[in-house]
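In: model the structure of this input:
(chains A and B)
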Amino acid sequence: MPNLRELYQELILEHSKHPRNYRVLEGATHTVEGFNPLCGDHFTIYLETDGEVIRNITFQGSGCAISKSSASVMTQVLKGKTKAEAENLFHRFHDLVTGKARDNSVEALGKLAVFSGVSEFPVRVKCATLAWHALHEALAGKSAGVTTE
Amino acid sequence: MATNLANREFSEGLPAGPATARAGFDVQKVRADFPALQQTVHGWPLVYLDNAATAQKPRSVIHALEQFYCEDCSNIHRGVHELSERATECYECSRGKVQRWLNAREAAEIVFVRGTTEAINLVAYAYGHKFISAGDEVIISAMEHHSNIVPWQLLGDATGAKLRVIPMTDSGELRLEEYEKLLGPKTKLVAVAHVSNALGTVNPVKQMVAMAHRYGVPVLIDGAQAAPHIKVDVQELGADFYAFSGHKLYAPTGTGVLYGRRELLDKMPPYQGGGDMISSVSFERTTYNRLPYKFEAGTPNIAGVIGLGAAIDYLEKLGMENTAAYERELLAYAHRRISAIPGVRIIGTAAQKAGVISFLIGDIHPHDIGTILDQEGIAIRAGHHCAQPVMARFGIPATARASFAFYNTYAEVDRLAEGIEKVREVFA
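Out: The predicted structure follows:
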């Protein structure tokens, strides 16, 4: 089952079992919810920004292995990045999981590249991008929450 | 664990399986009637266990559609020409088949709709708006599909009527003593599932109808998950309304039936206005057509209804007593096989079940279970099954659901069990 192994890579399974930055962030400047009503995945993303820089980012909630590990890796990757860099990564990550990324750009995504297998599973794209969509809304100054369906 | 104990009780005294044939029912022969079952998915022979969502169609149903579109395609109830006559006859012939299938008193009590959802909305609108008002109560149960919750909430929003909910036990059985307490002078209607789509529980609807009738309250039974598995006799049940979907009964999508007692249907205003539902129209006054046409505005799903008639013919040929008996044994085998896998928890362990096994594997999310099983060629559903209050009752976001038809085999149950082992392996 080569496809399955590409989807459920070790790093993804490991993050889903032991998510990083999995806590409420005291002093968060942004709090936003991501919700997929179709499957019940529900995450809250906490951001602490300082001017243009993301000082800290955490999350909590429940969902499938793909959505949870994606949120976990996202918090690791984005800590210390500028808002512009985060927005750029959001778009590149979206291209990656929808199969639109070029080979040379996948390498530059570092740890995020483990989600490339998602592109073979169109119904799981929403899982992988749920936390990212929530982040995108938070950076855009919205806090009402987003849904992916 | 309490759940496992209940599972054991459920399957006690039943044959150990695996077997592929029993007296009067040859599953391999039946499978050959279903073209969609003859395919491979991701390199595996398809194991279709999403029958509660929709069932596959036998060749005779597909052929009925083809014949209609190739030879008889025409509108009904209006043309004077040969094709329209043929189409009308086939369409009305299906109504007679449904009447006999449900044991309704007369064909006029059979209204064709798009599906169970439309049937319930029809009653909520046409019966509800006329006979239910502020302060009145509609009783539903804790295990309803959203389609037997939301129409009543809409009615409540419009009229001020209140929704009361019969609670259920941890095994997924309705608490009839609580139901008894909810019934009273304010109750104007009871709407309850015959079989739960999320849990598989078979509710004691005959008893529940009798209880409601003691208060003079009519009962709507949502038979979407029951009609494919249980021989329904609306007179024996005492049902005032009975709704089911054709597409879960091996018939085309976009077909469904509302049975209603004539006495009630006669009192109800039309649901939609348009062609076919009128006797005469002028700008001053319109008179409505007789039953059941009063509720069938516009050109219906003619081909689909003819296909529904073909599906009923097919089921009658197999014999519901044969398919139901085979399904009972298959479900018991599946229950025993699946619940024996370490880490598996079955949600819904009522003594009387039909068609459905909802389950969880450790803390693995059902979506991940669904994706991995799909890669093994096994189609199940993962999610809340349009029954979010059921998920909330059990404190879970979703379940994986395997749902069975008479064309499923013991070998397919074994494939499901092996697939679940594969899921555990991936997440080990």
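
In: find the helix or strand that B:Asp414 is a member of.
Out: Using DSSP states H and E, B:Asp414 sits within helix B:410-426.

In: any idea how far stretch B:198-207 is from the chain center?
Out: What separates the centre of stretch B:198-207 from the centre of its chain is 12 Å, taken as CA atoms, centre = their mean, to the nearest Å.

In: again, but for stretch B:130-146
Out: With CA atoms, centre = their mean, you get 19 Å for stretch B:130-146.

In: pLDDT of the strand or helix carrying A:Phe90, averaged?
Out: Per DSSP H and E, A:Phe90 falls inside helix A:83-97. Helix A:83-97 shows an average pLDDT of 94 in the prediction.

In: repeat that for stretch B:24-33.
Out: Mean predicted confidence for stretch B:24-33 is 94.

In: show me what that stretch is in contact with.
Out: Here stretch B:24-33 makes contact (CB atoms under 8 Å, 6 or more residues apart in numbering or on different chains) with B:20-21, B:37-38, B:58-60, B:314, B:318-319, B:322-323, B:325-326, B:406-409. C-beta coordinates here come from the backbone N, C-alpha and C atoms, glycine included.

In: what subset of those residues is buried?
Out: B:Leu37, B:Pro58, B:Tyr314, B:Leu318, B:Asn322, B:Thr323, B:Ala325, B:Tyr326, B:Phe406, B:Tyr407, B:Asn408, B:Thr409 (16 or more other CB atoms under 10 Å in any protein chain shown).

In: I'd assumed B:Ile312 was in contact with the second one.
Out: No: counting by CB atoms under 8 Å, B:Pro58 stays clear of B:Ile312, with 11.3 Å between them.

In: near chain B, which residues of chain A?
Out: Contact residues (CB under 8 Å from any CB of the partner chain) of chain A with chain B: A:1, A:3-4, A:7-8, A:13, A:38-42, A:62-66, A:121, A:123-124, A:127.

In: what about these, which are in helices?
Out: Among the residues of chain A next to chain B, the ones falling in helices (DSSP state H) are A:Asn3, A:Leu4, A:Leu7, A:Leu13, A:Ala65, A:Ile66, A:Cys127.

In: which of these are buried? Put it as a PyMOL command.
Out: What follows is the PyMOL syntax selecting those of these that are buried according to 16+ other CB under 10 Å:
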select buried, chain A and resi 4+7+13+65+66+127
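
In: before we move on, back to that, skip ahead from the helix holding A:Phe90 and say which helix or strand is next.
Out: Taking DSSP H and E, what comes next after helix A:83-97 is helix A:103-108.

In: would you mind putting the CA coordinates of that following helix into CSV?
Out: Output of helix A:103-108 as CSV, limited to C-alpha atoms (Å, rounded to 0.1, in the frame of the first residue of the first chain):
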residue,chain,number,x,y,z
ASP,A,103,9.2,19.7,-7.4
ASN,A,104,11.8,22.3,-6.6
SER,A,105,9.4,24.2,-4.3
VAL,A,106,8.5,21.0,-2.4
GLU,A,107,12.0,20.6,-1.1
ALA,A,108,12.1,24.2,0.1
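
In: any idea how far it is from the chain center?
Out: 18 Å.

In: other residues contacting it?
Out: A:Arg92, A:Asp95, A:Leu96, A:Ala113, A:Ser116.

In: run the last query once more with 7 Å
Out: Residues from elsewhere that reach helix A:103-108 (CB atoms under 7 Å, 6 or more residues apart in numbering or on different chains): A:Arg92, A:Leu96, A:Ala113, A:Ser116.

In: any chance of the residues you listed in CSV, plus neighbour count?
Out: Listed next are the contacts of helix A:103-108 as CSV, based on neighbours: other CB atoms under 10 Å in any protein chain shown:
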residue, neighbour count
A:Arg92, 16
A:Leu96, 24
A:Ala113, 17
A:Ser116, 17
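
In: between those residues, which sits nearest chain B?
Out: Among the contacts of helix A:103-108, A:Ser116 lies closest to chain B (CB to the nearest CB), at 15.9 Å.

In: about what we covered before: of the ones in helices among the residues of chain A next to chain B, closest to A:Glu33?
Out: Checking these against A:Glu33 by CB to CB gives A:Cys127 as the nearest, at 15.7 Å.

In: A:Lys68 is in contact with that closest one, correct?
Out: No: using CB atoms under 7 Å, A:Cys127 makes no contact with A:Lys68, being 8.9 Å away.

In: same question for the strand or helix carrying B:Ser358, mean pLDDT?
Out: Assigned by DSSP H and E, B:Ser358 falls within strand B:356-361. Taken as a whole, strand B:356-361 has an average pLDDT of 98.

In: what residues does chain B put near chain A?
Out: B:His365, B:His367, B:Asp368, B:Thr371, B:Ile372, B:Gln375, B:Gly383, B:His384, B:Pro397, B:Ala398, B:Val426, B:Phe427 (CB under 7 Å from any CB of the partner chain).

In: any idea where the strands of the stretch 1-150 of chain B begin and end?
Out: Using DSSP state E, counting those that start in this stretch, the strands found in the stretch 1-150 of chain B span residues B:21-22, B:25-26, B:40-41, B:44-45, B:47-48, B:110-113, B:137-141.

In: the bottom helix or strand of chain A by mean pLDDT?
Out: strand A:146-147 (a mean of 60; mean pLDDT, DSSP states H and E).

In: related to what we said a few turns ago, nearest to B:Ala251, of the strands of the stretch 1-150 of chain B?
Out: Per CB to CB, nearest to B:Ala251 of the strands of the stretch 1-150 of chain B: strand B:110-113, 11.2 Å.

In: domain parsing for chain B?
Out: Chain B breaks down by automatic domain parsing into domains covering B:2-32+B:319-426, B:61-317.

In: same list (those domains) but as JSON lines, adding distance to A:Trp132.
Out: Shown next, in JSON lines, are these (distance: least, CB to CB, whole Å):
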{"stretch": "domain B:2-32+B:319-426", "distance to A:Trp132": "17"}
{"stretch": "domain B:61-317", "distance to A:Trp132": "29"}
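
In: wait, B:Gly307 touches B:Ala251, no?
Out: Yes: contact status for B:Gly307 versus B:Ala251: in contact at 5.2 Å, counting by CB under 7 Å.

In: please enumerate the shared neighbours of the two.
Out: The contact sets of B:Gly307 and B:Ala251 overlap at B:Val61 (CB under 7 Å, 6+ apart).

In: quick one on the thing from earlier: closest one of the residues of chain B next to chain A to A:Ala138?
Out: Within these, proximity to A:Ala138 (CB to CB) peaks at B:Pro397, which comes in at 22.8 Å.

In: for the closest one, give me phi and psi.
Out: When read as degrees, to the nearest 10, the backbone of B:Pro397 gives phi -80, psi -30.

In: now swap in B:Leu182 and tell me
Out: For B:Leu182, the backbone dihedrals are phi -70, psi -30 (criterion: degrees, to the nearest 10).

In: excluding covalently adjacent residues, which one is nearest to it?
Out: Among residues not flanking B:Leu182 along the chain, B:Arg164 sits closest, at 4.8 Å (CB to CB, 6 or more residues apart in numbering or on different chains).

In: likewise for B:Asp374?
Out: Nearest to B:Asp374 is B:His42, by CB to CB, 6+ apart, at 7.0 Å.

In: what's the neighbour count on the one you found?
Out: B:His42 has 13 neighbours, counted by other CB atoms under 10 Å in any protein chain shown.

In: pLDDT score for B:Phe244?
Out: B:Phe244 carries a pLDDT value of 98.

In: cool, and the one 10 residues further on?
Out: According to the predicted model, the pLDDT of B:Gly254 comes to 97.

In: likewise B:Ser280?
Out: What the model reports as pLDDT for B:Ser280 is 87.

In: residues contacting it?
Out: B:Thr286, B:Thr287.

In: tell me the buried residues in the helix or strand where it lies?
Out: Here B:Ser280, judged by DSSP H and E, is contained in strand B:278-281. Neighbour counts using 16+ other CB under 10 Å place B:Ile278 of strand B:278-281 among the buried residues.
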